[in-house]
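**Q** Take a look and give me a structure for this.
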Amino acid sequence: MESLLETLQTYTESLPDWLHWVVVLVMGAVPYVGSHFAALLGTLAGVSNPVTLASAFGGNAAALLATAAVADRARRHMRRIGRTLPIRRRKSKLERRVRRAIDRYGVAGFALLGQVVIPSQLSTAAMIALGVNRRKVIAWQLAGSALWACVATALTDWGLDTLVR
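**A** Residues are numbered from 1 along each chain as shown. Got it, this is the predicted structure:
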């Protein structure tokens, strides 16, 4: 395991510094990777902790903001169409499940804890589609993204220190 990490870190050191930022930033923007796994992978690869944190969070924040904008626009469009079409539909099982979780844990709890279970982009879109205040969703999702990036970086750094000793 140690030689694999050393090889990865040696390769990472051979790359230009700007590329460290870009790679971790792109990883942070990918759903299911998010800020926490991008921070973990960046730290394992030997990218410095400040660079890892900033770029993992930055990538995830960009993806969250884009998702929120698209979801809000889609929701407004569907509401506009819904006014002209008298369609009644049953709520899906997923919609009921997400609504129940939001009611139980609140927007803050769902945003902070939900990122461990489902991608932040998906939970952002789901909350906005269900009518939760967009600004509140964005604020809590960004807070959760920053929190999990910090936790992942700290735990990975601690784990590497423990493993190397």
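
**Q** Could you pull up the mean pLDDT of stretch 106-116?
**A** Averaged across stretch 106-116, pLDDT comes to 90.

**Q** What residues sit buried inside it?
**A** 107, 110-112, 114-115 (16 or more other C-beta atoms under 10 Å). The C-beta positions use only the backbone N, C-alpha and C, and glycine is treated the same way.

**Q** Poorly predicted segments of this structure, please.
**A** 1-2, 82-89, 164-165 (pLDDT under 70).

**Q** Only C-alpha atoms, please: export stretch 47-54 in CSV.
**A** The C-alpha trace of stretch 47-54 is given here as CSV (Å, rounded to 0.1, in the frame of the first residue of the first chain):
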residue,chain,number,x,y,z
VAL,A,47,-1.7,17.7,-3.1
SER,A,48,-1.3,20.2,-0.3
ASN,A,49,-4.2,20.4,2.1
PRO,A,50,-5.1,24.1,1.4
VAL,A,51,-5.1,23.4,-2.4
THR,A,52,-7.1,20.2,-1.9
LEU,A,53,-9.7,21.9,0.3
ALA,A,54,-10.1,25.0,-1.9
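
**Q** could I get the buried residues of stretch 106-116 as CSV with secondary structure and distance to His77?
**A** Formatted as CSV, the buried residues of stretch 106-116 follow (DSSP: H, G, I helix; E, B strand; the rest coil; distance: C-beta to C-beta, whole Å):
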residue, secondary structure, distance to His77
Val107, helix, 23
Phe110, helix, 24
Ala111, helix, 24
Leu112, helix, 29
Gly114, helix, 25
Gln115, helix, 27
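
**Q** number of nearby residues for Lys93?
**A** When neighbours are counted by other C-beta atoms under 10 Å, Lys93 registers 8.

**Q** next one: Trp18
**A** 8.

**Q** And the one 5 residues further on, by the same measure?
**A** Neighbour count of Val23, defined by other C-beta under 10 Å: 19.

**Q** measure it to Val47 for me?
**A** For Val23, the distance to Val47 (C-beta to C-beta, to the nearest Å) stands at 8 Å.

**Q** and if you look at Ala62?
**A** Counting by C-beta to C-beta - Ala62 and Val47 are separated by 18 Å.
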